[in-house]
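Undergrad: no sequence for this one, just the structure:
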Ligand code: HEM
């Protein structure tokens, strides 16, 4: 940018006008130029902060040094960093007297990108339509081409939908079956004890049986039984080396749990010594002893078929229930 094109305020700012070219580094060159000028005068050490000071707006003491560079002493030129400098090539008579300027922030304009003469991307240009675009407005004139609206139903006065004040309809089959369950008052034929919150009669069930479980004594919980009847336990009540016995009904009949004998019970062909389990039985000792000395399969299944007796009584297994020998049976029958 030529010097004569610079405006006075651009000259005062010291090259800030060059920013309008979009090149910010010229601002630094303006500062650097003045710094180097001060250093050349031997005052560089005391004017090291010149760039910051030069950018501040001038106060009342700021005035334009009209004496020119030739008549100014080194001190004056060094202090010119605090004053307004004049351009070197402008005659003093043409210099305007600058009032304390109002610093406007330099306007940084982005460079305008000039498009080439023949752009590779074709530009869209308005073209004249050969046929008119059909109008989407429902004008009166076009109504003759459109389908007429459907006629209003004659059964609905004013086209309104009648209010459904009754659902189901009075003559519907749903209403004929009676009111919706639990949604209305009970029918006159139903029992007087039923209420709106009570379940319908078809859902009523027998009252649950009261629990017959007993309070087990301390140390006889199901967990305690599981602990003492582990896989290595032997609670059969017979000598350790005794193999599984073939238990006849007459043998079973003698093991009733009385007279110092253990209580044996047969369930599904297996005979168990239930005496060690008696105090652990949730149903109590007397209930358990109902099956002592006999085949308790039916009794057991009637009360708690879900109980896994085989696992629970594995350590109490005495043997298998077998039929009575022919001779023995006839002999016992004869004794009876
Ligand atoms: C055959 C003779 C038996 C009778 C008469 C009998 C009777 C009962 C009774 C009345 C109850 C209480 C049920 C209730 O909760 O109201 C009961 C619970 C129980 N009995 Fe027996 N019992 C017998 C044999 C056994 C045997 C051999 C065992 C061992 C496997 C056993 C294990 C149990 C268990 C684990 C319960 C608790 C069931 C539960 O809470 O669901 N019972 N028993």
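TA: Sure, I can see it. Not measured: the values here are computed from a predicted model.
Undergrad: which residues touch the closest residue to the ligand within the stretch 151-300 of the chain?
TA: Ranked by CB to the nearest ligand atom, the top residue of the stretch 151-300 of the chain for proximity to the ligand is residue 283, at 2.5 Å. Where C-beta positions appear, they are placed from N, C-alpha and C, glycine not excepted. When contacts are counted by CB atoms under 8 Å, 6 or more residues apart in numbering, residue 283 touches 212, 213, 214, 303, 304.
Undergrad: how about 7 Å then?
TA: Neighbouring residues of residue 283 by CB atoms under 7 Å, 6 or more residues apart in numbering: 212, 213, 214.
Undergrad: Could you do residue 222 as well?
TA: Contact partners of residue 222, counting by CB under 7 Å, 6+ apart, are residue 280.
Undergrad: per-residue confidence for it?
TA: On the pLDDT scale, residue 222 is placed at 97.
Undergrad: Please apply the same query to residue 10.
TA: At residue 10, the model reports a pLDDT of 62.
Undergrad: now do residue 177
TA: 61.
Undergrad: what residue ranges in the stretch 151-300 of the chain are flagged as low confidence?
TA: Counting by pLDDT under 70, the stretch 151-300 of the chain contains low-confidence ranges at 153-168, 170, 174-195, 201-204.
Undergrad: Next, count neighbours for residue 326.
TA: 8 (other CB atoms under 10 Å).
Undergrad: distance of it from the ligand?
TA: 29 Å (CB to the nearest ligand atom, to the nearest Å).
Undergrad: mind checking how far that residue is from residue 267?
TA: Remark: distance between residue 326 and residue 267 (CB to CB, to the nearest Å) = 26 Å.
Undergrad: Same check on residue 232?
TA: Residue 232 is 23 Å from residue 267, by CB to CB.
Undergrad: which one of the two has more residues nearby?
TA: Set side by side, residue 232 and residue 267 show more neighbours around residue 267, with 21 against 6, by other CB under 10 Å.
Undergrad: For the more buried one, grab phi and psi.
TA: phi -130, psi 120 (degrees, to the nearest 10).
Undergrad: need the contact list for it.
TA: Contact partners of residue 267, counting by CB under 7 Å, 6+ apart, are 296, 297, 300, 309.
Undergrad: surely the second one meets residue 268?
TA: Just to be clear, that refers to residue 297. Yes: counting by CB atoms under 7 Å, residue 297 touches residue 268, with 5.4 Å between them.
Undergrad: so which of the contacts of residue 283 are also by the ligand?
TA: The overlap between these and the neighbours of the ligand (CB under 6 Å from any ligand atom) comes to 212, 213.
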